[in-house]
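Asks: model the structure of this input:
(2 chains)
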Amino acid sequence: MTQTLEQKINKKLQQTFEKLGLNPQYATVKTSDRPDLSDFQCNGALALAKSERKNPREIASQIAAELEQDQAFSKISVDGPGFINLSISDNLLSDVMEDMSQDERLGCEKTDAPKTVVLDFGAPNVAKDMHVGHLRSAVIGESIQRVERFIGNKVISDTHLGDWGTPMGMIISEIMLSHPDWPFFDDDKKDGFPDSLPYTVEDLTEIYKAANARCKEDESARQQARIITAKFQDGHPGYRALWQHLRRISVDAVKKNFDALDVHFDLWLGESDAHETCYKILDLAQEKGVSEKDDGALIIRLGESNKPKPPVILQKTDGGFTYHITDIATIKMRVDDLHADEIIYFTDKRQALHFEQVFEAAEKLGLVKNVKLQHIGFGTVNGPDGKPFKTRDGGVMKLEALIDLSKDKVKESVPTAEDIAKDFTSKEEAQHYIDNLVDEIAIAAIKFQDLKNNIASGYIFELDDFAKFDGKTGPYIQYAIARINSIMRKAATSNINEGKIVITTKEERDLALKLAQLNTIIWRTHQDKEPSIISDYAYTLAQTFSTFYNAASIMNAESAEVASSRLRLARLTRDVLKLLLYLLPREQFFILADTVGLKSVIQTGINRGIKIIATEGVGSISITAPRVIKVNTSTKFQTSKRHILNSVDQRQGANLNLTAAKGLNKAWFQIKLSVTELSFEGFFDLDTGLKFQITNIFKPSRFTIVIRKVIIIYLSIIRRYHRLNRHIGQRRIDHTGTDAGTKLNTVCSGRNTIIGSDVNILVSHEQLFHRPQAAFIIAVEQTGDIAVDINFGTDF
RNA sequence: GCGCUCUUAGCUCAGCAGGAUAGAGCAACAGCCUUCUAAGCUGUGGGUCGGGCGUUCGAAUCGCCCAGAGCGCGCCA
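Replies: Numbers count the residues shown, from 1 in each chain, chains lettered A, B, ... in the order given. Model prediction:
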């Protein structure tokens, strides 16, 4: 078993503490809050100062002096009120990295006392649509399931179906109304019931809705449902047979849903399975003398007498069982049959009181002697108004509706099947590809939203933001993996091999230190049952890697040793990131990671907005136009001295008109084009690529037009072309319309300045992917009105 | 009425077994493509951590009070 860095340091510290006769309880380090001062810090001296009645700095100095002898530390200092700042030597760090990179478990500890952990999450109801709450429960539960398994616990996950209550009676009653002749409803029939039902899960939800509506307005229907519920729970053969079908149809559908989310259960038990045990609970309550009759119901009183809690109701006045007793019975079963050491529930935090009651009652019944019960409550998924996400008409947001909503959002930024048809053998195939893509992006994005925030706090579902690929998102993490994969591919072809890790730069050091935190992170996630710890770490690790990646080349390092070392570090980073994504669980993104070429272009061309920034004069106030302008349309702008006056939403053709107001001496338009976005607006011709054209600048003799960066774009494209070995985009630059009176505006002179009024560039789609942003700066000096038309399209 | 949770940058959120200069992402602004995927990197601006009192050498973090928001409270699950 390899030791993690933190463990190694703690061990050294403990020895020192013991040697000095100090309580080793405080001999722990944590990652430094001040990375400028040290790698790790120990606050033990501050804590000890109180009990030892000594000056904390004195204790700290004593410890520091002792540690000085150890070669493992490169720097030890006592700062502030008594922090011990420790920096470790590069040798130790590289040793730890070596261990980690050769360990299958990436240096992560496995528990030496495996426990049986029962996880209760998902909790769908038969014949009811799943809603966003189920989604959170499932995603969070699945993540914890994977973490627990990874650290070596035995996990039994149970979805705990809602398959037993009054809703069942309501549905049976509703079906009875429309098919009274069905054999299920023959009270005397004992067996030989039909072995299938002509219903789909959609039918069932419709039936439930109808039943619900009926019961809401009609007391006799309600009464009828209650009677049927009682008979059904009591074992009425026909109702039971019908119910079996209902349950199966629902479970099949729910399984499909969960599979799509990559959520899996060991057991599909439900409330029904606890029914028999409920009677045992009643006996047990009697035996322990903790229950009493109150208002006709059998209850257990909870809380202190001066501070009572709402009681648990074991049995209703009509003799029916409540979900209190069902949950208590389920605990008993999990303890007796599954030998659970821990039972963890993942539900909406609004159920916190319910579980408090159930746990306390279970305690009183003597069921929790050898088991730890825990309820992890999560916050609600909220809409833009900060309140629980509802459908437009105020109903509960269904899971499928949410996914559809997300898909629609994703579709906005993904090309249509027609756009990519040429890359596939048939249109159907293209459509299929796009549909899958939209599915995956949408679901992955939803899951990411669920896991990136602290689970207890709920979050606002930002439909506009969630499909973005920038910043703290899943794709960011994945992108780091993609880059590493790319490096490794290249390394393999250029015969560069991994080698011993040596620390030569700050960036390497930072990355290594970050990697060394893995074990702590996973164990903290286990302890807190908080997947966002992993998600957060994955993000910062990817960030640290990006900095490392940008700071120095891996393939072209100063020496072969450094290259080999960096390669190993990169590979280790990738392995860690993959593990983290697995634990989150977000494998979907891997589809993105290793793809190159057109499919990548499509997959990644999401939300690349077109920015239009018009700047007035030099050093003046910047004016920002509406952020995203779709260029299948024309948007008209007028600039004044301070701001754009109008953004007229008259869009036609592929023109973008910029108009400066009268009386301006100088006007600048800086137009940033996001090329991939264009490509998805129908101007993406797979054969000819995309053309930009800047044309029709009025009164060319009267002002200067400088366009720069165009050539830079072009050059970059050439480079990409050679590397990708794909067909080159053509390029044509015309200088028509330039006249002798044109003068160069030095302010924006670049090395590739073109003076002209017409520029055509043709770019191919592969290149667009790699060069998604192009910028033109058009500087205009004039006295009258200016208008610049920019055409985007393939047909000029 | 009783109870639970929350309030940190313009927005969405981290940080909370007390610790040294409160962090990210988005948005804004300025740079960076002849170099391993620019979905990126570097930098700038932006906060009296809802308010008050207390405990402490030291409080976003612990306690009390107040304000605001949300949620839950015996026969629905």
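
Asks: what comes into contact with stretch A:349-361?
Replies: Applying Cβ atoms under 8 Å, 6 or more residues apart in numbering, the contact partners of stretch A:349-361 are A:290, A:300, A:302-303, A:309-312, A:323-324, A:327-328, A:331, A:345, A:347, A:368, A:373, A:375, A:377-380, A:456. To be clear about C-beta, it is placed using only N, CA and C from the backbone, and glycine gets the same treatment.

Asks: repeat the analysis, applying 7 Å as the threshold.
Replies: Here stretch A:349-361 makes contact (Cβ atoms under 7 Å, 6 or more residues apart in numbering) with A:300, A:302, A:309-310, A:312, A:324, A:327-328, A:345, A:373, A:375, A:377-379, A:456.

Asks: over to stretch A:375-385?
Replies: When contacts are defined by Cβ under 7 Å, 6+ apart, stretch A:375-385 is touched by residues A:132, A:136, A:140, A:344-349, A:351-352, A:355, A:388-390, A:455-461, A:529.

Asks: which ones, among those residues, also lie beside RNA strand B?
Replies: Residues of the contacts of stretch A:375-385 in contact with RNA strand B (Cβ under 7 Å from any atom of the strand): A:Lys349, A:Gln351, A:Ala352, A:Pro388, A:Ala456, A:Ser457, A:Gly458, A:Tyr459, A:Ile460.

Asks: quick one: contacts for the residue of the stretch 101-250 of chain A found nearest RNA strand B?
Replies: Nearest residue of the stretch 101-250 of chain A to RNA strand B: A:Gly165, at 2.4 Å (Cβ to the nearest atom of the strand). Counting by Cβ under 7 Å, 6+ apart, A:Gly165 touches A:Glu271, A:Tyr323.

Asks: next up, phi/psi of it, please.
Replies: A:Gly165 has phi and psi values of phi -80, psi -160 when expressed as degrees, to the nearest 10.

Asks: A:Val562 - nearest residue in space that isn't next to it in sequence?
Replies: A:Thr504 (5.8 Å; Cβ to Cβ, 6 or more residues apart in numbering).

Asks: how near is the one you found to RNA strand B?
Replies: Separation of A:Thr504 from RNA strand B (Cβ to the nearest atom of the strand, to the nearest Å): 14 Å.

Asks: that residue reaches A:Ala563, doesn't it?
Replies: No: assessed by Cβ atoms under 7 Å, A:Thr504 is found out of contact with A:Ala563, at 11.0 Å.

Asks: who has more neighbours out of these two?
Replies: Counted by other Cβ atoms under 10 Å, A:Thr504 and A:Ala563 do not tie: A:Ala563 has more neighbours, with 21 against 16.

Asks: A:Ala557 is in contact with the more buried one, correct?
Replies: Yes: between A:Ala563 and A:Ala557 there is a contact under Cβ under 7 Å: 3.9 Å.

Asks: by proximity to RNA strand B, which residue of the stretch 451-600 of chain A wins?
Replies: Taking Cβ to the nearest atom of the strand, the stretch 451-600 of chain A has A:Gly471 as its residue nearest RNA strand B, at 1.9 Å.

Asks: would you agree that residue falls within a helix?
Replies: No: using DSSP: H, G, I helix; E, B strand; the rest coil, the assignment for A:Gly471 is coil, not a helix.

Asks: what's the separation between it and A:Leu579?
Replies: The spacing between A:Gly471 and A:Leu579, counted by Cβ to Cβ, to the nearest Å, is 22 Å.

Asks: equivalent analysis for A:Lys369, please.
Replies: 36 Å.

Asks: of these two, who's got more company?
Replies: Remark: of A:Lys369 and A:Leu579, A:Leu579 carries more neighbours, 19 against 7, as counted by other Cβ under 10 Å.

Asks: secondary structure element holding that one?
Replies: helix A:560-583 (DSSP states H and E).

Asks: show me what counts as buried in that helix.
Replies: Within helix A:560-583, the residues that qualify as buried by neighbour count (16 or more other Cβ atoms under 10 Å) are A:562-581, A:583.

Asks: who in the stretch 101-250 of chain A is up against RNA strand B?
Replies: Residues of the stretch 101-250 of chain A lying near RNA strand B (Cβ under 7 Å from any atom of the strand): A:Asn125, A:Gly162, A:Trp164, A:Gly165, A:Thr166, A:Pro167.

Asks: highest neighbour count among these?
Replies: Among those, the one with the most neighbours (other Cβ under 10 Å) is A:Trp164, at 25 neighbours.

Asks: report the contact partners of the residue nearest to it when sequence neighbours are not counted.
Replies: Nearest non-adjacent residue to A:Trp164, counting by Cβ to Cβ, 6+ apart: A:Glu271, 3.7 Å away. Shown in contact with A:Glu271 (Cβ under 7 Å, 6+ apart): A:Leu161, A:Gly162, A:Asp163, A:Trp164, A:Gly165, A:Thr326.

Asks: what is the lowest-pLDDT residue among those?
Replies: Among the contacts of A:Glu271, A:Gly165 carries the lowest pLDDT, at 85.

Asks: quick one, helices of the stretch 101-250 of chain A?
Replies: Along the stretch 101-250 of chain A, counting by DSSP state H, counting those that start in this stretch, helices occupy A:132-150, A:166-178, A:201-217, A:219-233, A:237-260.

Asks: tell me the angle the longest one makes with helix A:219-233.
Replies: An angle of 90 degrees separates the directions of helix A:237-260 and helix A:219-233 when computed by axes from the mean of the first three to the mean of the last three Cα atoms, to 10 degrees.

Asks: after helix A:237-260, which helix or strand is next? Please name it.
Replies: For helix A:237-260, the following helix or strand on the C-terminal side (DSSP H and E) is helix A:275-288.

Asks: what angle do helix A:219-233 and that next one make with each other?
Replies: 90 degrees.

Asks: neighbouring contacts of helix A:275-288?
Replies: In contact with helix A:275-288 (Cβ under 7 Å, 6+ apart) are residues A:164, A:233, A:291, A:300, A:314-315, A:321, A:325-326, A:328-329, A:332-333, A:364-366.

Asks: greatest separation within those: which pair is it?
Replies: A:Gln233 and A:Gly366 (26.2 Å; Cβ to Cβ).

Asks: those two - which one has more neighbours?
Replies: A:Gln233 (22 against 11).

Asks: OK, contacts around the more buried one?
Replies: Residues near A:Gln233 by Cβ under 7 Å, 6+ apart: A:His275.

Asks: ok, now the one 4 residues further on?
Replies: The neighbourhood of A:Pro237, defined by Cβ under 7 Å, 6+ apart, consists of A:Lys189, A:Lys190, A:Asp191.

Asks: quick one: contacts for A:Asn257?
Replies: For A:Asn257, the contacting residues are A:Met130, A:Leu399, by Cβ under 7 Å, 6+ apart.

Asks: do the same with the one 4 residues further on
Replies: Contacts for A:Leu261 (Cβ under 7 Å, 6+ apart) come out as A:Ala138, A:Val139, A:Ile443, A:Lys447.

Asks: make a markdown table from the residues you listed and add neighbour count to it.
Replies: Below are the contacts of A:Leu261 laid out as a markdown table (neighbours: other Cβ atoms under 10 Å):
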| residue | neighbour count |
| --- | --- |
| A:Ala138 | 28 |
| A:Val139 | 29 |
| A:Ile443 | 21 |
| A:Lys447 | 26 |
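
Asks: let me know the closest of those to A:Thr111.
Replies: Closest to A:Thr111, out of all of those and judged by Cβ to Cβ, is A:Val139, at 24.0 Å.

Asks: give me the neighbour count for the nearest residue in space to the closest one that is not next to it in sequence.
Replies: Closest residue to A:Val139 in three dimensions, ignoring its sequence neighbours and counting by Cβ to Cβ, 6+ apart: A:Asp450, at 4.7 Å. Other residues near A:Asp450 number 26, with proximity taken as other Cβ under 10 Å.

Asks: and A:Asp450, what pLDDT?
Replies: Here the pLDDT value assigned to A:Asp450 is 81.

Asks: where's it, which helix or strand?
Replies: Per DSSP H and E, A:Asp450 falls inside helix A:427-452.

Asks: doesn't A:Val358 lie inside a helix?
Replies: Yes: assessed by three-state DSSP, A:Val358 belongs to a helix.
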